[in-house]
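Novice: show me the folded form of this:
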Amino acid sequence: MVLFQELKRSLSEALVQFLWDQWVSIGLAGGARACSVPFVVDPEALLLATSRFAKDDPRLFGEALDWLVVNGKLLSAQRLKSMYLRYTFGEIRVLAAMDQYLKENASGSGAKLLGFASALESHASLDEWFGDSTFTSRGHSRRPAPFEGEAFLFRMRSFFGINARAEVFSWLLLEGRPGHPALIGRETEWGAKTVQVVLNEMAESGLVFLAEGEREKNFRVDVEAWKVFFANGPRPRWWSQAPFYEACFKLTQMLEELDAVEESSDSAKAIKIRSSASGLIAQFVLAKQAGRFEEVLHRRGAELVDEVRNETLRLISDLSSREALLTPGYRIG
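Specialist: So this is what the prediction gives:
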């Protein structure tokens, strides 16, 4: 039987490697990737997830800071703040410490990227993570390669600017299906009203179209007309990542609670699980992983506890293989 403490450690290690590979795919100086990244990286979600899951990995933490010094100006401070306020997986003390460093070492908009963090948490320093040894950025990170699929969003930001248009157009193009503003806003982490305005303006160009025969206003693009964006490879895949990280954070919290009652009865563990299960499952559904952890709602006692162990092990495996993370209804379809 795998102990909950061991599960939490294994999940943490898998998440750190998952983050490493994404950072490397967008220019971090971290060597070869352990596995490919089969989706477009969301840099704001990646940064928040790193502040939570990689805070005890000084090497990744430091390299991410190095990347931000070089490339922080490519991120959206507005989107980063709204994502932090919407979810709970960002670690404010880590973000505030990063902000202090960026203010002193980055330039332009990159120096202001995490200003909201210091406003919320004024007492944070990198000393908490690096001790007395002063952290120094090596400056080895590169700008994201524009033709790499994982860096597609950066290419669109260079084209449209660092604003909602880049994410909205990316979603329309990569999903290849019509979408209404509320759905696209949820998938891109921009407000529905902002997305509505952007879509209306883009439709005036004649390059974004209203889908016919729908009661709601659904917008689409002609994917074939934009094939030039995929001249160097297959069409990248869009994945809404923030809900996934939120689910992983809720799972780590649940595993911590279960570890604290490891010697207790299965009934006591079941109470901990059921108090967390609904929120956990809801975030996995938003991450297009309907079915993950769903079986826990149909089990009781020892079977429920075992199902949590099995599902956590399955998630750890999927973090390594990656493709299973992008399979809608992975257990039921």
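Novice: excluding chain neighbours, what is closest to N163?
Specialist: S76 (7.3 Å; C-beta to C-beta, 6 or more residues apart in numbering). C-betas here are computed from N, CA, C, even on glycine.
Novice: hmm, E44 and the one you found touching each other?
Specialist: Yes. The pair S76 and E44 passes the contact test of C-beta atoms under 8 Å, sitting 6.4 Å apart.
Novice: and the helices in the stretch 201-333 of the chain, which stretches?
Specialist: 242-260, 266-286, 301-321 (DSSP state H, counting those that start in this stretch).
Novice: in the shortest one, what's buried?
Specialist: Residues of helix 242-260 classed as buried by neighbour count (16 or more other C-beta atoms under 10 Å): 242-255, 257-258.
Novice: related to what we said a few turns ago, what would the helices of the stretch 201-333 of the chain look like in CSV with mean pLDDT and distance to G115?
Specialist: Listed next are the helices of the stretch 201-333 of the chain as CSV, based on pLDDT from 0 to 100; distance: least, C-beta to C-beta, whole Å:
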stretch, mean pLDDT, distance to G115
helix 242-260, 95, 20
helix 266-286, 90, 27
helix 301-321, 93, 32
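Novice: tabulate those (CSV), appending distance to S158.
Specialist: Output for these, formatted as CSV (distance: least, C-beta to C-beta, whole Å):
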stretch, distance to S158
helix 242-260, 23
helix 266-286, 28
helix 301-321, 30
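Novice: bridging residues for G179?
Specialist: With DSSP bridges applied, G179 shows beta-bridge pairing to F219.
Novice: mind listing what it touches?
Specialist: Contacts for G179 (C-beta atoms under 8 Å, 6 or more residues apart in numbering) come out as 171-172, 187, 218-220.
Novice: now with 10 Å?
Specialist: 168, 171-172, 185-188, 195, 199, 211, 216-220 (C-beta atoms under 10 Å, 6 or more residues apart in numbering).
Novice: ok, L102 - contacts?
Specialist: Residues 65, 68-69, 72, 110-115, 117, 137 are the ones in contact with L102 under the rule C-beta under 10 Å, 6+ apart.
Novice: what about A282, distance to L304?
Specialist: Separation of A282 from L304 (C-beta to C-beta, to the nearest Å): 18 Å.
Novice: do the same with E295
Specialist: For E295 relative to L304 (C-beta to C-beta), the value is 9 Å.
Novice: the two: who's more crowded?
Specialist: L304 (20 against 15; other C-beta atoms under 10 Å).
Novice: right, and that one touches H298 too?
Specialist: Yes. Assessed by C-beta atoms under 10 Å, L304 is found in contact with H298 at 8.7 Å.
Novice: any shared contact partners between those two?
Specialist: In contact with both L304 and H298: no residue, using C-beta under 10 Å, 6+ apart.
Novice: what's the neighbour count on N105?
Specialist: For N105, the tally of surrounding residues (other C-beta under 10 Å) stands at 18.
Novice: pLDDT wise, what is it at?
Specialist: pLDDT, N105: 91.
Novice: I'd say L19 and A49 touch.
Specialist: Yes. Between L19 and A49 a contact is recorded at 6.1 Å, counting by C-beta under 10 Å.
Novice: and for the two, which residues touch both?
Specialist: Contacts common to L19 and A49, judged by C-beta under 10 Å, 6+ apart, are Y245.
Novice: neighbour-wise, which of the two wins?
Specialist: Each of L19 and A49 has its neighbours counted (other C-beta under 10 Å); A49 has more, 26 against 22.
Novice: so that one versus Q241, what's the distance?
Specialist: Distance, A49 to Q241, by C-beta to C-beta: 8 Å.
Novice: identify the contacts common to the two.
Specialist: 22, 42.
Novice: can you give me the neighbour number for L280?
Specialist: 23.
Novice: from memory it sits against I273, does it?
Specialist: Yes. In this structure L280 lies within contact range of I273 using C-beta under 10 Å: 9.2 Å.
Novice: what touches both of those two?
Specialist: In contact with both L280 and I273: 254, 293, 296, 308, using C-beta under 10 Å, 6+ apart.
Novice: which of these sits closest to G149?
Specialist: The shortest approach to G149 among these belongs to F293, at 29.1 Å (C-beta to C-beta).
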